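S.K.: just coords:
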Ligand SMILES: [Zn+2]
């Protein structure tokens, strides 16, 4: 398969931040072959007219729970402890593998429409999410969430089951899939379990994906229970001995930043969730100054409202500026880099995130011919602060068109919306029960 995008503006997000006002992008197989003029011998199977469009690296959603689209609007106006205890975990007591499939498929529709090319997913019954990855054409890094409070209290797979999932799907979906291990968090998982899963990850050379330091109460409780911050506690348990994505990491002591930097941990921030659940604001400046890889995610739609990474990019910049009183923070194309190249690196796709010859053809086209995108004094500012996910017209992953002019090419969107709605209503219509308790 080969594609030629003609006369398109290109935001490369290369190190120099190059922007090409008009170029052709030649895509052959899974890779970008040329940007600028197409090679004379290039014979594309399909030509896309890129006039008045902007090509950008596709978004890497670095922390989410894709099947939680079925909890959209189900846990409103609650703080984190009540959000978990009264709505989210009780609803998930009735979860079935089919719910997971249709919830993830609905998320895939949303993500592709908004220019996302890959997602880092942390949930249950993950074979069903892997099926969605296969069918949708998206890339993903998947983990089967583990609580570590007894095999009978896991959802669908205990630790050997989660490792078997990792082996089953590593490199699957034609190389578009990565799999990792996923302890839920230091506030749910006991220390001995964190040590066990870390040792297993080391032995099998598998990365980890975990939640970390989401509230001041978690910080205080960790100090009381272990004499260590949540970050130092994870380090002591060996969680950072393998590549790790730590979602949130909002409450950090100065030494914690050094720990994250020393171990090359990626911090995935989800600014819309922080605002909606009033979790506190994110300040990425100390992390970035220390050289920590910071990426962005939506988290689940039960806290973010949707799976729109373009909105996350905008709010990552706005919340940072607002919280710190520093209008120069998170400036220029930085939030876009967090959402693309940094996420790609964290998720095990280092060939993605930049538009350049030889790199993976994972990109989105934004229609610039919209009222909110005139004038164009600053194309980057227009993209960060004015463009919408719904301005995306084409999405290409591994050189394959997944979305063209309003039409999803790999997924049956009508059926997915109907089935996801039916499954979500069935799930919350069951007698719900408390399966575990969040203690802040
Ligand atoms: Zn999360």
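M.R.: Received the coordinates, thanks. The model shown is predicted, which means the values in this text are computed figures rather than measured ones.
S.K.: contacts and neighbour counts: CA atoms only from here.
M.R.: Noted.
S.K.: element containing residue 288?
M.R.: helix 285-289 (DSSP states H and E).
S.K.: Actually, residue 233.
M.R.: helix 230-236.
S.K.: the strands in the stretch 101-250 of the chain, which residues?
M.R.: Assigned by DSSP state E, counting those that start in this stretch, the stretch 101-250 of the chain shows strands spanning 116-123, 139-146, 177-183, 208-212, 244-248.
S.K.: what residues does the fourth one touch?
M.R.: If I follow you right, that is strand 208-212. The set of residues external to strand 208-212 that reach it, using CA atoms under 8 Å, 6 or more residues apart in numbering, is 122, 143, 180-186, 201, 230-231, 239, 242-250.
S.K.: one more time with 6 Å, if that's ok
M.R.: By CA atoms under 6 Å, 6 or more residues apart in numbering, the list of residues contacting strand 208-212 from outside reads 180-185, 244-249.
S.K.: Could you do the third one as well?
M.R.: Among residues not part of strand 177-183, those counted as contacts by CA under 6 Å, 6+ apart are 139-143, 145-146, 166, 170-171, 206-210.
S.K.: could you check the angle strand 139-146 makes with that strand?
M.R.: 30 degrees (axes from the mean of the first three to the mean of the last three CA atoms, to 10 degrees).
S.K.: and if you look at the first one?
M.R.: Per the same axes, to 10 degrees, the angle that strand 116-123 makes with strand 139-146 is 10 degrees.
S.K.: quick one on the thing from earlier: could you list every helix and strand in contact with the helix holding residue 288?
M.R.: Using 3 or more CA pairs under 6 Å, 6 or more residues apart in numbering; DSSP states H and E, no helix or strand is in contact with helix 285-289.
S.K.: For it, give the mean pLDDT please.
M.R.: For helix 285-289, mean pLDDT is 97.
S.K.: In that helix, which residues are buried?
M.R.: For helix 285-289, burial by neighbour count (16 or more other CA atoms under 10 Å) applies to residue 287.
S.K.: and it, how far out from the chain's middle?
M.R.: Distance, stretch centre to chain centre, for helix 285-289: 20 Å (CA atoms, centre = their mean, to the nearest Å).
S.K.: Could you list the paired strands of the helix or strand that comes right after it along with their orientation?
M.R.: Once the chain leaves helix 285-289, the next helix or strand it forms, by DSSP H and E, is strand 293-296. Strand 293-296 has its sheet partners listed here by DSSP bridges as strand 266-269 (parallel).
S.K.: List the contacts of the partner strand.
M.R.: The contact list for strand 266-269 (CA under 6 Å, 6+ apart) reads 62, 245-248, 293-296.
S.K.: what would these look like in JSON lines with distance to residue 31, pLDDT and neighbour count?
M.R.: Below are those laid out as JSON lines (distance: CA to CA, whole Å; pLDDT from 0 to 100; neighbours: other CA atoms under 10 Å):
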{"residue": "62", "distance to residue 31": "22", "pLDDT": "98", "neighbour count": "36"}
{"residue": "245", "distance to residue 31": "26", "pLDDT": "98", "neighbour count": "28"}
{"residue": "246", "distance to residue 31": "30", "pLDDT": "98", "neighbour count": "26"}
{"residue": "247", "distance to residue 31": "30", "pLDDT": "98", "neighbour count": "26"}
{"residue": "248", "distance to residue 31": "32", "pLDDT": "98", "neighbour count": "27"}
{"residue": "293", "distance to residue 31": "25", "pLDDT": "98", "neighbour count": "21"}
{"residue": "294", "distance to residue 31": "26", "pLDDT": "98", "neighbour count": "26"}
{"residue": "295", "distance to residue 31": "23", "pLDDT": "98", "neighbour count": "32"}
{"residue": "296", "distance to residue 31": "24", "pLDDT": "98", "neighbour count": "30"}
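S.K.: Between those, which sits nearest residue 407?
M.R.: residue 62 (25.0 Å; CA to CA).
S.K.: part of a strand, is that closest one?
M.R.: Yes - counting by DSSP: H, G, I helix; E, B strand; the rest coil, one finds residue 62 located in a strand.
S.K.: ok, it touching residue 120?
M.R.: Yes - with contact defined as CA atoms under 6 Å, residue 62 reaches residue 120; the gap is 4.9 Å.
S.K.: Give me the neighbour count for the residue nearest to residue 159 when sequence neighbours are not counted.
M.R.: The shortest distance from residue 159 to any non-neighbouring residue, by CA to CA, 6 or more residues apart in numbering, is to residue 146 (6.9 Å). Per other CA atoms under 10 Å, the neighbour tally for residue 146 reads 30.
S.K.: Distance of residue 146 relative to residue 84?
M.R.: 16 Å (CA to CA, to the nearest Å).
S.K.: now swap in residue 49 and tell me
M.R.: Residue 49 sits at a distance of 47 Å from residue 84 (criterion: CA to CA).
S.K.: again, but for residue 165
M.R.: From residue 165 across to residue 84, the span is 26 Å (CA to CA).
S.K.: more crowded one of the two?
M.R.: Neighbours were counted for residue 165 and for residue 84 using other CA under 10 Å; residue 165 has more, 22 against 18.
S.K.: coming back round to it: using TSV, lay out the strands of the stretch 101-250 of the chain together with distance to residue 339.
M.R.: Shown next, in TSV, are the strands of the stretch 101-250 of the chain (distance: least, CA to CA, whole Å):
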stretch	distance to residue 339
strand 116-123	9
strand 139-146	14
strand 177-183	18
strand 208-212	17
strand 244-248	14
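S.K.: Which among these is found nearest to residue 391?
M.R.: If we rank those by CA to CA, the stretch that ends up nearest is strand 116-123, at 12.6 Å.
S.K.: Show me what that closest one is packed against.
M.R.: In this structure, strand 116-123 packs against strand 59-64, strand 139-146, with contacts taken as 3+ CA pairs under 6 Å, 6+ apart.
S.K.: Just name the most buried of the ones you listed.
M.R.: A comparison of the helices and strands packed on strand 116-123 by mean neighbour count, using mean count of other CA atoms under 10 Å, puts strand 59-64 on top with a mean of 32.
S.K.: Now stretch 380-392: buried residues?
M.R.: For stretch 380-392, burial by neighbour count (16+ other CA under 10 Å) applies to 380-389, 391-392.
S.K.: Which pLDDT value does the model give residue 440?
M.R.: At residue 440, pLDDT is 66.
S.K.: whoops, residue 107 was the one
M.R.: Listed pLDDT for residue 107 reads 98.
S.K.: Could you check how far it is from residue 61?
M.R.: For residue 107, the distance to residue 61 - CA to CA - is 11 Å.
S.K.: ok, now residue 337?
M.R.: With CA to CA as the criterion, residue 337 and residue 61 are 12 Å apart.
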